[in-house]
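Asks: Can you look at this prediction? I've put the sequence above it.
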Amino acid sequence: MNSLPMPGNTLTRTLLRVHRFLIPQHKCLGYTPYLWLIYLSFPLLPLLFGTASPTTTAVTVIGLIIFLPTYFAAYRQDGARVLPFIGLFVILGLFTAPVNMGSPVYFIFACSFTAQVGPPAVAMRYASLVVLVAVFQVWLLELRLSQALVTAVIGYMVTAVNVFYRKLELKNEALRLSREEIKRLARTAERERIARDLHDLLGHTLASITLKAELARRTVLDQPENAKKELAEIERISRQATAQVRAAVAGFRGGRIQSELASARQLLESTGVWLDAEIDQESMSAEHENILALVLREALTNVHRHSRASQCSVMLKHEGHRVRLVVRDDGRGGRVKPGSGISGMSERLRSAGGKLHIEANTPSGLIVQMTIPVSEPPLALAEPIA
C-alpha cells in the first residue's frame, strides 16, 4: 500500500533539516539560539515606529543581512576560529552606532560567543575587550553614558551565562565519550567471553569426535556393530555440542528489550526522531524476550534508515497467551520492499510460532506488528522504563 506524506509532515521535516543545518546537534542547544534573536528588536525599533531616516533604514538592513548568516555560522566554530566572527559583530556595532541607538546589541552578541574561545578566564578577557571597544565608541561619539553601562552589564552577564553552559556542554561531551567507552569495553569483554566459551566447549568435544571417528574407521570392517555404536556416539556428541554452541551464541547475541530501547533512543533522538515507549512490565521467558529484542532492534533500525520520521512509538503488551509488540512511525510510509532485514524478522518470529504484519499508517508512516505466543510461565523482564 502506498501512503502519501501529508503537507504538515513534509513541512515539519523540512524545518527540522534546516534546524540541523543551522545549529550543531552535538552542542545540545535546542532552539535557544532562535530565542536570542529577539534582541534584534532593539535596532529594529526605529524602523517599526517609522522614525528612521533612509540612511538609518539602509544601515540597519545591511547590518542585519550581514549579521544573521554570521550568527548561525559562529555556532559551528570553537576555539580561535570563533574570533573572526566576534570581530565582525564588533564591526557591525561600530558601523551602526552613528545612526541607530540599538547598536549595542551587536556588542552583546559578540560577548556571548567569547565562551566558545577557551576557558572562563580567556572568555572574560575577550568579553572585557569587547566592552572596552563599546565604551570607547560611546566616548568617541559622545553618546549617553547609560548606553555604555547597559552594554557592559549585559555583556558580562551574557558571557557568564554562556561560560556556564559551555562547561555543561563539555561535561555532557565527556559523559557521552565515557558511555561509548563503556559500551566498547563491554563488547570487547563479551567477545572474549564467547571466545573462551567456544574454546572450552569445542576443544574437548572435537577431540572426542576425532577419537571415536578413528575407532569407527578401524572397526567398520571387522566389528561393524562396534563401529555403529561409535558412529551413534559421534552423532550424540555432535548434537550436544551444537546445542552448547547455540546456547553460547545466544548469550552473546541476546539483548534485553530495555537495552535495545535505550540504544535505539540514543540513535533516533540524535537524528531528530522522538521515541516514545510503553512497555508492559509483565514477565516473559528469556528466550522469547531475546527474540523480541532482536526483531525490535531491526524494526527501529529500519525507522532510522528509511522512514524519514519525526516520531516513533513502541508498545509491548501481554494479551493472554501471546505478546504483541507494535512499532509505529510517522514517516513517509509507502510500499515495503521485502529485504534481508524483514525476512530475518519473519524467520525469528516463525521459529517461536510468531507472526509479523506490516501495514501503512494513516495519514503517513508504517505500523509493524509482531506477535509471539507465550505458553510457559514467564520469567522476569527487565527493569521498568524510565
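Replies: Perfect, thanks for sending it.
Asks: and Cys111, what pLDDT?
Replies: If you check Cys111, the pLDDT there is 90.
Asks: ditto for Asp197
Replies: Per-residue pLDDT puts Asp197 at 63.
Asks: any weak-confidence spans in the stretch 151-300 of the chain?
Replies: The model of the stretch 151-300 of the chain has pLDDT under 70 over residues 193-194, 196-204, 244, 247-255, 270.
Asks: Can you list the residue ranges for helices in it?
Replies: 224-253, 257-269, 286-302 (DSSP state H, counting those that start in this stretch).
Asks: Take the ones you listed and lay them out in TSV including mean neighbour count and distance to Arg144.
Replies: To be clear about C-beta, it is placed using only N, CA and C from the backbone, and glycine gets the same treatment. Formatted as TSV, the helices of the stretch 151-300 of the chain follow (neighbours: other C-beta atoms under 10 Å; distance: least, C-beta to C-beta, whole Å):
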stretch	mean neighbour count	distance to Arg144
helix 224-253	14	72
helix 257-269	18	48
helix 286-302	21	59
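Asks: quick one, which of these is nearest to Ser310?
Replies: Nearest to Ser310, of all the helices of the stretch 151-300 of the chain, is helix 257-269, at 10.0 Å by C-beta to C-beta.
Asks: Now do the closest one: everything it contacts.
Replies: Helix 257-269 is contacted by residues 274-275, 277, 279, 289, 292-293, 296-297, 300-301, 303-304, 312, 314, 316, 381-383, 385 when judged by C-beta atoms under 8 Å, 6 or more residues apart in numbering.
Asks: Go again with 7 Å.
Replies: Helix 257-269 has contacts (C-beta atoms under 7 Å, 6 or more residues apart in numbering) with 275, 277, 279, 289, 292-293, 296-297, 300, 303-304, 312, 314, 316, 382-383, 385.
Asks: Save the helices of the stretch 151-300 of the chain as TSV, and put in distance to Arg348 too.
Replies: Listed next are the helices of the stretch 151-300 of the chain as TSV, based on distance: least, C-beta to C-beta, whole Å:
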stretch	distance to Arg348
helix 224-253	11
helix 257-269	13
helix 286-302	5
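Asks: nearest to Pro46, of those?
Replies: Minimum separation from Pro46 across the helices of the stretch 151-300 of the chain (C-beta to C-beta) falls at helix 257-269, 42.9 Å.
Asks: mind checking how far that closest one is from the chain centre?
Replies: The chain centre lies 9 Å from the centre of helix 257-269; the measure is C-alpha atoms, centre = their mean, to the nearest Å.
Asks: What residues sit buried inside stretch 148-159?
Replies: Buried residues in stretch 148-159, counting neighbours by 16 or more other C-beta atoms under 10 Å, are found at Ala148, Thr151, Ala152, Ile154, Gly155, Tyr156, Val158, Thr159.
Asks: ugh, wrong one, stretch 215-222
Replies: By 16+ other C-beta under 10 Å, the buried positions in stretch 215-222 come out as Leu215, Ala216, Thr219.
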